[in-house]
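> Predicted model and sequence below, questions to follow.
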Amino acid sequence: MTTPARDLVAAAFSESLARAARQHGWQGWEREAIEVEVPANAEHGDYATSVAMRLAKTLRRPPREIAGAIKDQLDLRPPLASAEVAGNGFVNVRLDVAWLRGQVDAIIADGADYGRSETLRGRRIQVEFVSANPTGPLTLANARGGPLGDVLASVLTMAGATVEREYYVEDTGTQFEAFGRSIAIRYRQLHGEQIEVPADGYPADYVKDIAAEIARRDGDRWMKLSLEEQAKRFVEEGLAWVVGDAKRVTALLGIRYDTWFSQAELMRSGRFAAILEELRRLGKVYEKDGAVWFEATEDVDDKEGWVLVRSSGEPMYFGKDIAYHVESLRDRGFDTKLDVWGANTHYHLIKMRAAMKALGLLDRFEVVLYQYVRFLHEGVLQRMGRRTGQFLLLEDVIEAVGKDVTRYFLLQSSADRQLDFDFELAIQQSNENPVYYVQYAHARIASILRTAAERGITSAGADLALLTDPGELDLIRLCLRFPELVDDIRTHYGVHQLTTYALELTGAFHGFYRDHRVVSDDVPRSRARLRLVEAVRVALRQTLGLLGVSAPDRM
């Protein structure tokens, strides 16, 4: 596995800073980490660090003086060619061109391992995502967490972690009970009873379908039971239908879960009662008005705290979720539990952080919050809500535009931004559609390689020194960004950067193809450019692979 260029540059900066510190007798410099970035303006070099500006206060020296000392101590050998001090104290460096060309072979040699690392080796991480209440089919509104969680799991795996994807089936609670009651009411309606679904029920057609299946199989067998007895019986059938449907639809979206974990089984295990007892011993819970409360932290307005168990004895979702996280982190031994939740859980996240801190698990609990999806169709934004029956099924979207487009569109924006799903753009097969545009680049590369093979030209023995044009060298630089991007996402979870990178790499490749004839009568140059094209294919395929989007050879 190739060491990312940025890491090599960071190591060189670290060594030069240490030498400069020894030479000038600096103290306290060790506390400042070396951060390396790609300058916004390519004229400023390939990489830069602002560590001199961040050290100015500690060292009581002007930033440019510190930067100059660091520059002077840089070991200018491959991968580095030159360095300069810029601005208020940046140290900019440029890569050695011969080393840069050599990375083409390194990328191709890595192949399917390009971008992989051992950074997280030995760590077990659970990524829990989607986990919609098992009361109906998956909609586009709550589907965004699917690709987000799936891609995060893939990135963490590429970084060396052992990752398990989990769907938390929340098969207890008032909403689940309302679901069972709604099925029972539809069942009674099928047998002639005049009864309506209440406002807190589920009126949509899928509930009718579940009730009709029960009626076809069992007839009026259950009509002698009360509504509540029917609800308790039918909710299990509803659960099986919903979970089965979720498994089928998430598979259509290219997601395979390792575990479907039942909240009901958790509650039967005794873990909930054990956690309550532990929190009591820690002095974090108290009783009031017959209910059990968690003591609020000082930084929230709810000084009274949060209910764990109602006065009726019914456990609240907050308490169940604490038990679930403890079960994952302690009983199953995950080093980190990474949850992908909708933005409406923000306050629940505050409560969970307080609970995890009390239990000594806060540093192993991480959450990505995402804003919901709006459906843009013919210029009209349509909000979706399962209870009213006005929703867009995820399955319908996949059927209309395909798995690849659905995933890519759901990943285009940062998770903390609301996402508009433009259906009319999604169905286009043109360069306006970003998925088509990116996939076409991969197909074009395959076509170039086929054309070369037909003419008896391969990249074997290519002289990479012939890659001298700025467009060729910039394409190599862009390919080298992929492993750095993987590392950034491992740290900050911004998976949308993969779609941005895919477009950037695709645009650069199409520009290169427009300006440079790859297969020509100049066989040595053709070999070199074919080799470069093969490296681009590796970077593009790896990117699409993480996104869960196919890389076609023909379109």
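Yes, it's here.
> Any stretches of the stretch 251-400 of the chain with poor pLDDT?
298-303, 378-391 (pLDDT under 70).
> Equivalent analysis for the chain, please.
Scanning the chain with the threshold set as pLDDT under 70 gives 298-303, 378-391.
> Checking the residue of the chain positioned farthest from its centre next. Helix, strand or coil?
No residue in the chain sits farther from the centre than Lys224, which is 49.5 Å out by CA atoms, centre = their mean. The three-state label given to Lys224 by DSSP: H, G, I helix; E, B strand; the rest coil is coil.
> From Gln230, how far off is it?
Lys224 sits at a distance of 10 Å from Gln230 (criterion: CB to CB, to the nearest Å). For the C-beta atoms, the positions are set from N, CA and C on the backbone; glycine is no exception.
> same check, this time on Lys247
From Lys247 to Gln230 the distance is 26 Å (CB to CB).
> out of those two, which sits in the busier spot?
Taking other CB atoms under 10 Å, Lys247 and Gln230 do not tie; Gln230 has more neighbours (22 against 15).
> how near is that one to Tyr167?
27 Å.
> again with Val538
32 Å.
> same thing with Lys320?
Using CB to CB, Lys320 is found at 16 Å from Tyr167.
> where exactly do the strands run in the stretch 201-350 of the chain?
For the stretch 201-350 of the chain, strands defined by DSSP state E, counting those that start in this stretch occupy the ranges 259-262, 285-288, 291-294, 306-309, 336-342.
> Tell me which of those strands sits nearest to Arg60.
Among the strands of the stretch 201-350 of the chain, the nearest to Arg60 by CB to CB is strand 336-342 (39.5 Å).
> Can you list the strands that that closest one pairs with?
strand 124-129 (parallel), strand 365-370 (parallel) (DSSP bridges).
> Pull the distance from it to the chain's centre.
10 Å (CA atoms, centre = their mean, to the nearest Å).
> Touching, Gln429 and Tyr436? I think so.
Yes - between Gln429 and Tyr436 there is a contact at 5.4 Å, judged by CB atoms under 8 Å.
> And those two? Which one has more around it.
It is Tyr436, of Gln429 and Tyr436, that has more neighbours when counted by other CB under 10 Å, with 20 against 11.
> what's the helix or strand for the more buried one?
With elements taken from DSSP states H and E, the one containing Tyr436 is helix 434-454.
> residues of stretch 109-123 that come out buried?
Applying a neighbour-count criterion of 16 or more other CB atoms under 10 Å, one finds Asp110, Tyr114, Gly115, Arg116, Ser117, Leu120 buried in stretch 109-123.
> quick one: contacts of it?
When contacts are defined by CB atoms under 8 Å, 6 or more residues apart in numbering, stretch 109-123 is touched by residues 1-2, 107, 156, 158-162, 335-336, 482-483, 486-487, 490, 538-539, 542.
> Quick one, which of these are buried?
2, 107, 156, 158-161, 336, 482-483, 486-487, 490, 538-539, 542.
> Which members of these are positioned in strands?
The strands, defined by DSSP state E, take in Thr336 from these.
> So which of the buried ones among the contacts of stretch 109-123 sit within helices?
Ile107, Leu156, Met158, Phe482, Pro483, Val486, Asp487, Arg490, Val538, Ala539, Gln542 (DSSP state H).
> Which members of those are the farthest-apart pair?
Most distant of those, by CB to CB, are Ile107 and Leu156, 22.0 Å apart.
> ranges for the strands of the stretch 1-150 of the chain?
Using DSSP E, counting those that start in this stretch, the strands of the stretch 1-150 of the chain run over 36-37, 47-49, 80-86, 90-95, 124-129.
> try the stretch 351-500 of the chain
Under DSSP E, counting those that start in this stretch, the stretch 351-500 of the chain gives strands at 365-370, 373-377, 380-382, 419-422.
> quick one: contacts of stretch 475-484?
2, 4-6, 38, 46, 95, 100-101, 103-104, 107, 114-115, 117, 467, 501, 504-505, 508-509, 512, 532, 535-536, 538-539, 542-543.
> Restricting to C-alpha, output it in PDB.
Provided in PDB are the C-alpha atoms of stretch 475-484 (Å, rounded to 0.1, in the frame of the first residue of the first chain):
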ATOM      1  CA  LEU A 475      -4.100  14.500 -13.500                       C
ATOM      2  CA  ILE A 476      -1.500  12.500 -11.600                       C
ATOM      3  CA  ARG A 477      -1.700  15.000  -8.700                       C
ATOM      4  CA  LEU A 478      -5.500  14.500  -8.600                       C
ATOM      5  CA  CYS A 479      -5.200  10.800  -8.500                       C
ATOM      6  CA  LEU A 480      -2.900  11.100  -5.500                       C
ATOM      7  CA  ARG A 481      -5.600  12.900  -3.700                       C
ATOM      8  CA  PHE A 482      -7.700   9.800  -3.300                       C
ATOM      9  CA  PRO A 483      -6.000   8.200  -0.300                       C
ATOM     10  CA  GLU A 484      -5.800  11.600   1.400                       C
END
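> list the buried ones in it?
Those would be Leu475, Ile476, Arg477, Leu478, Cys479, Leu480, Arg481, Phe482, Pro483, Glu484, for stretch 475-484 by 16+ other CB under 10 Å.
> List just the nearest of those residues to Ala10.
Top of the list for closeness to Ala10, among those and by CB to CB, is Glu484 at 10.4 Å.
> Let me have the strands of the stretch 1-150 of the chain in TSV, adding mean neighbour count and distance to Tyr324 as columns.
Formatted as TSV, the strands of the stretch 1-150 of the chain follow (neighbours: other CB atoms under 10 Å; distance: least, CB to CB, whole Å):
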stretch	mean neighbour count	distance to Tyr324
strand 36-37	18	39
strand 47-49	24	43
strand 80-86	18	50
strand 90-95	22	47
strand 124-129	23	9
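> right, so of those, which gets closest to Ser447?
When those are compared by CB to CB, strand 90-95 sits nearest Ser447, at 30.7 Å.
> Paired strands for that closest one, with orientation please.
Neighbouring strands of strand 90-95 in its sheet, by DSSP bridges, are strand 47-49 (antiparallel), strand 80-86 (antiparallel).
> now the shortest one: how far from the chain's centre is it?
Shown here is strand 47-49, whose average C-alpha point lies 27 Å from the average C-alpha point of the whole chain (CA atoms, centre = their mean).
> Just the residues contacting it, thanks.
For strand 47-49, with CB under 8 Å, 6+ apart as the criterion, the contacting residues are 5-6, 9-10, 13, 34-39, 70, 86, 90-93, 95.
> ok, now with 10 Å
When contacts are defined by CB atoms under 10 Å, 6 or more residues apart in numbering, strand 47-49 is touched by residues 5-6, 8-10, 12-14, 16-17, 34-40, 67, 70, 79-80, 83-84, 86-87, 89-95, 484.
> same check, this time on the longest one
Residues from elsewhere that reach strand 80-86 (CB under 10 Å, 6+ apart): 8-9, 12-13, 16, 39, 41, 44-48, 52, 63-74, 76, 90-100.
> Any quick ChimeraX command for the buried ones out of those?
Selecting only the buried entries of the contacts of strand 80-86 in ChimeraX, with 16+ other CB under 10 Å as the criterion:
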select :8,9,12,13,16,39,44,45,46,47,48,52,63,64,66,67,68,69,70,71,73,74,90,91,92,93,94,95,96,99,100
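> picking that back up, find residues that contact each of Gln429 and Tyr436.
With CB under 10 Å, 6+ apart, Gln429 and Tyr436 have common neighbours Val405, Met555.
> wait, doesn't Asp7 sit right on Asp487?
Yes - applying CB atoms under 10 Å as the test, Asp7 and Asp487 come out as touching, 8.1 Å apart.
> mind putting the strands of the stretch 1-150 of the chain in a markdown table, distance to Ile445 included?
What follows is the strands of the stretch 1-150 of the chain, written out as a markdown table (distance: least, CB to CB, whole Å):
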| stretch | distance to Ile445 |
| --- | --- |
| strand 36-37 | 29 |
| strand 47-49 | 27 |
| strand 80-86 | 29 |
| strand 90-95 | 24 |
| strand 124-129 | 32 |
